[in-house]
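1. Turn this into a structure:
(one chain, ligands or ions: 2)
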Amino acid sequence: MDPRPSLTSTTESSGLPLALPEWKRAVIKVGSALVAPDGKGCSTQYLLSLARFITESKRTGKEVVLVSSGAVAAGMPLHPRVKAGRRSLIEKQALAAIGQSMLMAHWSRLFDFPCAQILLTHDDLLHRKRFVNAKNTLLELLKIGVLPIVNENDSVAVEELKVGDNDNLAAHVAVLAEADLLLIFSDIDGLFDADPRKHPGAVLIPEVHRIDEEIFALAGGSVSSVGTGGMITKLQAAAKASDRGIHAAILNGTRGESVEALLRGHLTGTLFHRTANPRTAKKHWISHALPCQGRIWVDQGAVRALSREGASLLPSGISRLEGTFQRGDAVEIHHEERGLVGKGITQYGAADLEKLCGCKSADIRGLLGYAYTDVIIHRNDLVLCDEPPLEGIATAPR
Ligand SMILES: Nc1ncnc2c1ncn2[C@@H]1O[C@H](COP(=O)(O)OP(=O)(O)O)[C@@H](O)[C@H]1O
Ligand SMILES: N[C@@H](CCC(=O)OP(=O)(O)O)C(=O)O
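-> Numbering: from 1, shown residues only. Ligands and ions are numbered 1, 2, ... in the order given. Sure, this is the predicted structure:
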């Protein structure tokens, strides 16, 4: 068990801001209360300093994905009948449809680089094929310096298809984008030992090492007319992220000075330390959590390239396959004599791959009529059997 206490209260801390962990790629979540402090429309009041933080971070070579709430609030002034707090699901969906384009236009005005809209539902995160497509799009946008702005696709997602709140959505996006930091900006200074809006004496908790029941017991819901989930969903998001090797923090986006301080590496808010190394967390997920949907047999040259040169798996090294796997599924990699070599996430489904066995990457487009990537399994999506600490991947039942 982790010997550290799960939390450090301000009384135990020095009162100085914490050091923001080193990061290269962050998901920044901005709550509705920051977009629409008056409960409706889009305001620049708090977004200007957040936009400056994003711009400066990008200027110094960091990558940012923005998850922005506020579509429902943005649509409010344009819906003739709807009042805050008394909205049916259909009305909310209509508001989101009206507000989403306004939200995008609003953010875009604050940047001099292009922004791109990505709307996701729970289904997109659940189905491997769509997960991989969303991931590839995000990574491509980051590569070309565009700011992806993500929201839930509220106008098409009914309750059972929804993630439901953008805190959890942001954590999913952080995993999807392989971010190393998740910053959740709200209208509150961080996690307190009770909801400060109801308990004025509540104390801020600057650091959390383990998100356990004791921590969850501190969180209440949202009292705002536009927020969803309150502190509970923020803790769920932080727990998801820290489990996957991503540091998370809850900060007050209404305090320009706190946002500014981030650029100097100072964090005022609550920091949730990651509980796993990101590489190990991902490899663990591939080896143990993802069900294996098929097998790929590779030749000796491919085994050498994978294990000695740290290469990705190319189609030229594949001799045959088994199973009806889809793009984004996990498959085992076998060698006729050596047996199981590893496990990874395939960029091509079995139907495509049948046509690609033994071919050169340059021929993929000609053979299929399209090409997702040049590699079949990317190095980052691959775990080898003899790779510590994950020796001995369980093989799938035949
Ligand atoms: N223990 C707690 N510490 C801090 N805030 C809390 C706590 N419990 C509940 N809250 C509430 O959570 C709110 C933030 O959540 P929410 O209204 O959903 O914001 P957002 O729109 O940024 O997601 C705070 O304004 C606060 O009232
Ligand atoms: N997708 C919704 C926001 C849902 C949500 O989680 O809101 P919030 O608690 O303010 O982050 C919208 O754009 O209005």
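2. can you list the weak-confidence ranges in the protein?
-> For the chain, applying pLDDT under 70 flags the ranges 1-15, 82-86, 160, 222-227, 387-398.
3. Name the residues of stretch 262-276 that are buried.
-> Neighbour counts over stretch 262-276 (16 or more other Cβ atoms under 10 Å) mark 262, 267, 268, 269, 270, 271, 272, 273, 274, 275 as buried. (Glycine included, C-beta is placed from N, CA and C.)
4. Restricted to helices, list those residues.
-> Using DSSP state H, residue 262 are the members of the buried residues of stretch 262-276 that sit in helices.
5. show me where the chain has helices.
-> 32-35, 47-59, 71-75, 89-108, 122-126, 128-143, 166-176, 213-216, 230-243, 256-263, 278-284, 300-308, 350-356, 364-368.
6. Export the ones you listed to JSON lines and append columns for distance to ligand 1.
-> Shown next, in JSON lines, are the helices of the chain (distance: least, Cβ to the nearest ligand atom, whole Å):
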{"stretch": "helix 32-35", "distance to ligand 1": "4"}
{"stretch": "helix 47-59", "distance to ligand 1": "12"}
{"stretch": "helix 71-75", "distance to ligand 1": "9"}
{"stretch": "helix 89-108", "distance to ligand 1": "14"}
{"stretch": "helix 122-126", "distance to ligand 1": "18"}
{"stretch": "helix 128-143", "distance to ligand 1": "22"}
{"stretch": "helix 166-176", "distance to ligand 1": "6"}
{"stretch": "helix 213-216", "distance to ligand 1": "9"}
{"stretch": "helix 230-243", "distance to ligand 1": "4"}
{"stretch": "helix 256-263", "distance to ligand 1": "14"}
{"stretch": "helix 278-284", "distance to ligand 1": "25"}
{"stretch": "helix 300-308", "distance to ligand 1": "43"}
{"stretch": "helix 350-356", "distance to ligand 1": "41"}
{"stretch": "helix 364-368", "distance to ligand 1": "43"}
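7. is residue 181 in a bridge, and if so with what?
-> In this entry, residue 181 is beta-bridged to residue 26, residue 247, by DSSP bridges.
8. dump the residue contacts of it.
-> Applying Cβ atoms under 8 Å, 6 or more residues apart in numbering, we find residue 181 in contact with 20, 21, 23, 25, 26, 27, 174, 246, 247, 248, 249.
9. Any figure for the gap between it and ligand 2?
-> 18 Å (Cβ to the nearest ligand atom, to the nearest Å).
10. and the helices of the chain as JSON lines, adding distance to residue 185?
-> As requested, the helices of the chain are exported to JSON lines (distance: least, Cβ to Cβ, whole Å):
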{"stretch": "helix 32-35", "distance to residue 185": "6"}
{"stretch": "helix 47-59", "distance to residue 185": "6"}
{"stretch": "helix 71-75", "distance to residue 185": "15"}
{"stretch": "helix 89-108", "distance to residue 185": "13"}
{"stretch": "helix 122-126", "distance to residue 185": "22"}
{"stretch": "helix 128-143", "distance to residue 185": "20"}
{"stretch": "helix 166-176", "distance to residue 185": "10"}
{"stretch": "helix 213-216", "distance to residue 185": "20"}
{"stretch": "helix 230-243", "distance to residue 185": "10"}
{"stretch": "helix 256-263", "distance to residue 185": "8"}
{"stretch": "helix 278-284", "distance to residue 185": "22"}
{"stretch": "helix 300-308", "distance to residue 185": "41"}
{"stretch": "helix 350-356", "distance to residue 185": "41"}
{"stretch": "helix 364-368", "distance to residue 185": "42"}
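11. most tightly surrounded among those helices?
-> helix 71-75 (a mean of 29; mean count of other Cβ atoms under 10 Å).
12. Tell me the helices and strands packed up against it.
-> helix 32-35, helix 89-108 (3 or more Cβ pairs under 8 Å, 6 or more residues apart in numbering; DSSP states H and E).
13. Report the distance from the shortest one to the chain centre.
-> In this view, helix 32-35 has its centroid 20 Å away from the chain centroid, taken as Cα atoms, centre = their mean, to the nearest Å.
14. which one of the helices and strands packed on helix 71-75 lies closest to residue 338?
-> helix 89-108 (51.4 Å; Cβ to Cβ).
15. domain assignment for this protein?
-> The chain breaks down by automatic domain parsing into domains covering 10-276, 282-390.
16. What parts of the stretch 51-200 of the chain come near ligand 2?
-> Residues of the stretch 51-200 of the chain lying close to ligand 2 by Cβ under 6 Å from any ligand atom are 69, 70, 71, 72, 73, 96, 151, 152, 154, 165, 166.
17. so how far is ligand 2 from the nearest residue to residue 239 once chain neighbours are set aside?
-> Leaving aside its chain neighbours, residue 239 sits nearest to residue 211 (4.2 Å; criterion: Cβ to Cβ, 6 or more residues apart in numbering). Going from residue 211 to ligand 2 by Cβ to the nearest ligand atom gives 19 Å.
18. Could you double-check that residue 78 lies in contact with residue 97?
-> No - applying Cβ atoms under 8 Å, one finds residue 78 not in contact with residue 97, separated by 10.5 Å.
19. rewinding a little: now distance to residue 279 too, for the helices and strands packed on helix 71-75, in JSON lines please.
-> Shown next, in JSON lines, are those (distance: least, Cβ to Cβ, whole Å):
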{"stretch": "helix 32-35", "distance to residue 279": "33"}
{"stretch": "helix 89-108", "distance to residue 279": "32"}
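20. right, so of those, which gets closest to residue 362?
-> helix 89-108 (37.3 Å).
21. what about residue 19, neighbour count?
-> Residue 19 has 10 neighbouring residues, counting by other Cβ atoms under 10 Å.
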